[in-house]
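Participant: Sequence plus predicted model, see below.
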Amino acid sequence: MPSPESVRSRILAAFPDARVEVTDLTGTGDHFQALVVTSAFAGRTRVEQHKMVYAALGELMASAIHALALTTRPPEAPAQPKDP
Amino acid sequence: MAEDTRTRIEQLIASSKVLLFMKGTKQLPACGFSNAVVQILKKEGVPFETFNILGDPEMRQALKEYSHWPTYPQLYVGGKFVGGCDIVSEMHESGELAQQLRAAGVK
């Protein structure tokens, strides 16, 4: 089971400038909550932002991680772009 | 993904303006995240259909590939993928979800 630190480092590897906070919600290494703030999200819709995080987590998302509550945004965004 | 599975997904999505692919049913959600989206759609006051992916292993796998989204629930409005629980919650609070439901002609 992945630790919050390993989930965090996977996300940081994909977005080196990111502010990443990962919490293990249940203490069982399979339900996580993550906040990801990175300039890579600028101009992307929320769906795109979440897909970028899922891609960074790769096979962890398909196997070890059962649930990931995600909050994503670009740094100090004045307004969220609208989802299509 | 098999072509007939893709056709089945497309027909399903086209059959309902608001369709929630979830774990469990509207009456008996089997997961807190699925339940959260059911409650939001009830608050929005729009008619919606649900599809229980727990009862259909083929659909459970195929829709992840179709939506390019690894988890459930998944909400479709007007034939378009809107997002999972976190995105739907944020959009509900910001009023964007109501806007999309109006654009789809259900609100």
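Facilitator: Looks like it came in fine.

Participant: Count the neighbours of A:T23 for me.
Facilitator: If you count neighbours by other Cβ atoms under 10 Å in any protein chain shown, A:T23 ends up with 13. The way it works is simple: take the backbone N, C-alpha and C, and place the C-beta from them, glycine included.

Participant: That one - nearest residue in space that isn't next to it in sequence?
Facilitator: A:Q33 (4.5 Å; Cβ to Cβ, 6 or more residues apart in numbering or on different chains).

Participant: Now for that neighbour: which residues touch it?
Facilitator: Taking Cβ atoms under 8 Å, 6 or more residues apart in numbering or on different chains, we find A:Q33 in contact with A:V22, A:T23, A:L25, A:L68, A:A69, A:L70.

Participant: distance of the spatially most central residue of chain A from B:T7?
Facilitator: For chain A, A:V53 is the residue whose C-alpha lies nearest the centre (Cα atoms, centre = their mean; 4.4 Å). To B:T7, A:V53 is 30 Å away according to Cβ to Cβ, to the nearest Å.

Participant: Strands of chain A, residue ranges please.
Facilitator: Using DSSP state E, the strands found in chain A span residues A:19-24, A:31-37, A:67-73.

Participant: Make CSV out of the ones you listed and add mean pLDDT.
Facilitator: Conversion of the strands of chain A to CSV gives the following (pLDDT from 0 to 100):
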stretch, mean pLDDT
strand A:19-24, 97
strand A:31-37, 96
strand A:67-73, 93
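
Participant: Among those, single out whichever gets nearest to B:P47.
Facilitator: Proximity to B:P47 (Cβ to Cβ) singles out strand A:67-73 among the strands of chain A, at 27.4 Å.

Participant: quick one: strands adjacent to that closest one?
Facilitator: Note on strand A:67-73: by DSSP bridges, its sheet partners are strand A:31-37 (parallel).

Participant: Only the buried residues of the strand it pairs with, if you could.
Facilitator: Under the neighbour-count criterion of 16 or more other Cβ atoms under 10 Å in any protein chain shown, strand A:31-37 has A:H31, A:F32, A:Q33, A:A34, A:V36, A:V37 buried.

Participant: For ChimeraX, write the select line for the buried members of the contacts of A:Q33.
Facilitator: Only the buried members of those enter the following ChimeraX selection, criterion being 16+ other Cβ under 10 Å:
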select /A:22,68,69,70
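
Participant: that older thread, and of the buried residues of strand A:31-37, the nearest to B:Q27?
Facilitator: A:H31 (24.5 Å).

Participant: give the contact list for that closest one.
Facilitator: A:H31 makes contacts with A:D24, A:L25, A:H66, A:A67, A:L68, as judged by Cβ under 8 Å, 6+ apart.
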